[in-house]
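Q: when you get a sec, could you give me coordinates for this:
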Amino acid sequence: MKISIAQIKVIAGQPSQNFETIKLFVGEAIKNKVDLIVFPEMCVGGYFIGDRYLDEDYVDFLATFNDKILALSQNIGIIWGNIYLGNIDGINKGRDGRPARYNAAFFAYNKEYVNREDGEYPGLYIKHLNPDYRVFDDSRYFLSGLELMRSNDELLSSMLKPFIFTRNSHKYKISLEVCEDLWDDDYTFKVTSTISSQNPDLLVNISSSPWTLNKEKARERHLSNKAKVMTVYVNAISMQDVGKNVLMLDGGSLVYDANGNKIAQANDRFVEEHLIVDLDNPFLKSFAHQHTKLLDALIFAIKEFDKTMFKAKVKWIIGLSGGIDSALNAALLTMALGPNRILAYNLPSRYNSRKTIDNAQQIATKLGINLEVHSIENLIKASKEIFTNPVSEAVEENIHARLRGHVLSTLAQTHGGVICNNGNKLEVALGYCTLYGDTIGALSPLGDLTKMQVNELSLEINHLYNDDIIPKNLIANLIGGIPHYDFAPSAELKHNQVDPMKWGYHDWLLNKIMTFPTRKLSMFIEDFLEHRLDQETNNLLKHYKLDNEVAFFADLKWFLNNLDNAVFKRIQMPPIVTISRGAFGLDYRETQAKIEQYLKHLN
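A: Predicted coordinates for the structure are as follows:
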């Protein structure tokens, strides 16, 4: 059987545009005499569309596209994902009292829905496992097959039975499942093994799975272990969002044989692809990539966010301070959008060094972007003069930051543009940012990257360009995992200011605390007390003179207090491009309530 894996770009909230892509791919598949074409989960309207799923008129509109796709299936089998609205076994209302909604897979051939042997629920499969963790809220919107199973065991057995697909006098037993159903290890009901026990000729999983660092490795490992029958996994490429988190779907569609061997693979670098696979004679191609996947991901996120939100027409305004974070963002924006779309501004005060001003000029020149330098000293002076009493040093520092935010906002409005936020994850975590100053922006590309990841990407970009796009004096030299700088990172808001973070160690600690699963902090403390930490972490502790209990716990309390106190800033931050399992926003959900200290060593 010849199958087409339609790894399409799904644009959330744009079903008409997505349908045109589906129609185009079906046409190409028919020209190539394909037997069956498979599209991703929720490929019509997008997966992450929030409470639009509660808009009955909108979901009715989404459902109309099922008939349109059905009409495309003349002489070709089509599997696709979309919302299903209907009465299943007498259940016609969801938990919220609205008409029941289901995340479904559909299967059509020759303009009819394909039947199972028992004739039940032609062309329809309901997602059985609703993910309700991290950025997922499926049970808020959909009834699941698992809930239907509890009301009717016969329904379960029918819904999980294979479809009978007859093509060129051959009969194929094809089973369907949707995304999470393949990741059933943490659920009591095992969807994949139940389906595989019926010995289908082919199991097709349609997905819209967001990417995080190293997700592709975990995905392949999981499929290799799960595949007990021929398995096709089709994932979308997309930039979608859940408000505070911008998510990227990377593709990486796969085919595995019944022995868990990978036999075909689509590109996993955010690239739309039409992969045609002869299941009887598969061909496994290899990919050569110039960039790390993280760099590809950030460029893709910026490009698609710009295209989706602003129709690729606006200018992007960036405060180019001459530090590493703004330097990296300037490079990413240029790589994603081109130099003519970027307007950079260096806004020094009397505290800014000649070195950072020169850095900003070097970065702009090498990237070919426009840079203007404007001192904010007169604005600072005028701001201070309106107060009766002299302002404190800390207040003046924040005046600097807020004035820069004010100037950039005014310039953005003047040029009809939007601002790029420059904060990295560690700064956001510890509140090392000023509300309405450096927290502004339409998008935060670096908000889920630690300083060390910023450092690594800067080195990669310089290597890619074969030039010091990002000045060497900004990039840490790592010796034994310990960062050494030509001059220490600084916001330059006062004389001889140095950022308070312990770079390298605090980056590591933040990931330790925020990355799932939980209980990592108490385990880390125990490992420290029992001298079980790895050598690199011990080196960092020794470098920062934290290798004794008094200093260790004093620093840890400082870190946790700042993390707790900065929640109110984080919830007002721009949307963050999500690259980890623990990004601020809806991934790592926070409360502004002060949490009582519960770890005994910190009391």
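
Q: use CA for all of it now, contacts and neighbours both
A: Will do.

Q: and the helix or strand containing D67, average pLDDT?
A: Per DSSP states H and E: D67 is located in helix 56-70. For helix 56-70, mean pLDDT is 97.

Q: in the chain, which residue is closest to the centre?
A: In the chain, the centroid-proximal residue (C-alpha atoms, centre = their mean) is L247; its distance is 3.0 Å.

Q: doesn't I237 make contact with that one?
A: No. Contact criterion C-alpha atoms under 8 Å: L247 and I237 do not qualify, at 10.4 Å.

Q: measure S169 to Y53 for me?
A: Going from S169 to Y53 by C-alpha to C-alpha, to the nearest Å gives 41 Å.

Q: shaky segments in the chain?
A: 150-151, 153-156, 516-519 (pLDDT under 70).

Q: just checking, what's the longest helix in it?
A: Counting by DSSP state H, the longest helix found in the chain is helix 393-415.

Q: just the C-alphas of that one, formatted as PDB.
A: Provided in PDB are the C-alpha atoms of helix 393-415 (Å, rounded to 0.1, in the frame of the first residue of the first chain):
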ATOM      1  CA  GLU A 393      19.300  54.900  43.700                       C
ATOM      2  CA  ALA A 394      17.000  51.900  43.200                       C
ATOM      3  CA  VAL A 395      14.100  54.200  42.000                       C
ATOM      4  CA  GLU A 396      16.400  56.000  39.600                       C
ATOM      5  CA  GLU A 397      17.500  52.600  38.100                       C
ATOM      6  CA  ASN A 398      13.900  51.800  37.400                       C
ATOM      7  CA  ILE A 399      13.300  55.200  35.900                       C
ATOM      8  CA  HIS A 400      16.100  54.400  33.400                       C
ATOM      9  CA  ALA A 401      14.400  51.100  32.400                       C
ATOM     10  CA  ARG A 402      10.900  52.600  32.200                       C
ATOM     11  CA  LEU A 403      12.100  55.500  30.100                       C
ATOM     12  CA  ARG A 404      13.700  53.100  27.600                       C
ATOM     13  CA  GLY A 405      10.400  51.200  27.500                       C
ATOM     14  CA  HIS A 406       8.500  54.500  27.000                       C
ATOM     15  CA  VAL A 407      10.900  55.500  24.100                       C
ATOM     16  CA  LEU A 408      10.700  52.100  22.400                       C
ATOM     17  CA  SER A 409       6.900  52.100  22.700                       C
ATOM     18  CA  THR A 410       6.600  55.500  21.200                       C
ATOM     19  CA  LEU A 411       9.000  54.500  18.300                       C
ATOM     20  CA  ALA A 412       7.000  51.300  17.800                       C
ATOM     21  CA  GLN A 413       3.800  53.300  17.400                       C
ATOM     22  CA  THR A 414       5.500  55.900  15.200                       C
ATOM     23  CA  HIS A 415       6.600  53.200  12.800                       C
END
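
Q: packing partners of that helix?
A: Applying 3 or more C-alpha pairs under 8 Å, 6 or more residues apart in numbering; DSSP states H and E, we find helix 393-415 packed against strand 316-319, helix 377-385, strand 418-419.

Q: what lines up beside the first one in the sheet?
A: It stands for strand 316-319. Note on strand 316-319: by DSSP bridges, its sheet partners are strand 342-346 (parallel), strand 418-419 (parallel).

Q: the last one: what's the following helix or strand?
A: Sequence-wise, the next helix or strand beyond strand 418-419 is helix 425-430, with elements assigned using DSSP H and E.

Q: chain center to that following helix: distance?
A: 18 Å (C-alpha atoms, centre = their mean, to the nearest Å).

Q: when you give positions from now on, start the count at 33
A: Yep, numbering from 33; the last one is helix 457-462 now.

Q: could you name the helices and strands sitting against it?
A: Against helix 457-462 (3+ C-alpha pairs under 8 Å, 6+ apart) you get helix 537-546, helix 581-597, helix 599-602.

Q: need those helices in CSV (columns: distance to L327 and mean neighbour count).
A: Supplementary listing: those in CSV, determined by distance: least, C-alpha to C-alpha, whole Å; neighbours: other C-alpha atoms under 10 Å:
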stretch, distance to L327, mean neighbour count
helix 537-546, 19, 19
helix 581-597, 27, 15
helix 599-602, 24, 19
